[in-house]
Structures are given as structure tokens and as C-alpha cells.
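Chemist: I would like the atomic coordinates for the input below:
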Amino acid sequence: QVQLVESGGGLVQAGGSLRLACEASGLSRYAVGWFRQAPGKEREFVGAINWNGGSLRYTDSVKGRFTISRDNAKSTVYLQCNSLKPEDTADYYCAADRSYSRRSDRADDYEYWGQGTQVTVSS
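Modeler: Model prediction:
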């Protein structure tokens, strides 16, 4: 069992930045995805990183603004969110995939999920 813990959410003005973190023991053996869910909307893929950080993918709406990285020595994956927009407001979740080289955009491919951290971007 992998217990993922997200942190770093908060309230920020449009144009600002936040860095979200996802920590779990043994996380280096997993690919990690970030998803978000806004009120009244379906969960949406944000981006994913493979086990060693050598391969990434992002959804189009965050390309050039968000960056995923990982520090396997700290068992932590980060989501750096820059140039935030009000439409980025959502609960953000990290998830772990045992297929460590995959960077899936499908929530069903991830076996373990964190509890989420809230990001609110004011206009």
C-alpha cells in the first residue's frame, strides 16, 4: 500500500505561483500523475512523470505554465504551477502507477491516490 500525501495548495492571485508536493514512501518505483477536479466538473488530467523523471507529458491547457519534477531521494514529486489563472482553481490530486514507465492520462491506470490539496486562484 502506498499512501500519498499532497501539500502546497492555497489561495493565490492570478499570475501567481504555487508548488505542490506529493510524498510517499517508495514513490521512486512508480510513475506519478497529477489530476485536478473543479467544483461541478469531472476529474481532469494535468500531467505525469515516469519513474526517473526522464519522460513527462502535460495537458495542453497547462503546457508552458506547469512543470512536474521529482526527487526520488526524498520520495517526492512536485507540480510547479506558474502564471496561474482563475480556471486553474480545483482540488489537485497526485496518483501513483505501478507501470513505472507509463505516463498515463487515464485515472483508471493509477492504483493509489492522495487526499487532494485545494488550489484557489483569485482574479
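Chemist: buried residues in the helix or strand Ile68 falls within?
Modeler: Take DSSP states H and E as the rule and Ile68 turns out to sit in strand 66-71. Across strand 66-71, burial judged by 16 or more other Cβ atoms under 10 Å covers Phe66, Thr67, Ile68, Arg70. Heads up, the C-betas are built off the backbone N, CA and C, glycines and all.
Chemist: In contact with the third one, which residues?
Modeler: Each residue near Ile68 by Cβ atoms under 8 Å, 6 or more residues apart in numbering is listed here: Val32, Trp34, Gly47, Ala48, Ile49, Leu56, Tyr58, Val77, Tyr78, Leu79, Gln80.
Chemist: mind checking the end-to-end distance for stretch 81-89?
Modeler: Using Cα to Cα, to the nearest Å, the end-to-end distance of stretch 81-89 comes out at 11 Å.
Chemist: What average pLDDT does it get?
Modeler: Mean per-residue pLDDT for stretch 81-89: 98.
Chemist: Could you give the number of residues near the nearest residue to Asn82 once chain neighbours are set aside?
Modeler: Sequence neighbours aside, Ser17 is the residue nearest to Asn82 in space, at 4.7 Å (criterion: Cβ to Cβ, 6 or more residues apart in numbering). Ser17: 11 surrounding residues under other Cβ atoms under 10 Å.
Chemist: which ones are touching Ser17?
Modeler: Counting by Cβ under 8 Å, 6+ apart, Ser17 has contacts Gln80, Cys81, Asn82, Ser83, Leu84.
Chemist: So which elements touch the helix or strand containing Val119?
Modeler: Assigned by DSSP H and E, Val119 falls within strand 117-122. Packing contacts for strand 117-122, counted by 3 or more Cβ pairs under 8 Å, 6 or more residues apart in numbering; DSSP states H and E, involve strand 10-13, strand 18-23, strand 90-97.
Chemist: let's go with 6 Å and repeat that
Modeler: Packed against strand 117-122 by the contact rule (3 or more Cβ pairs under 6 Å, 6 or more residues apart in numbering; DSSP states H and E) you find strand 10-13, strand 90-97.
Chemist: Thanks again, I'm all set now.
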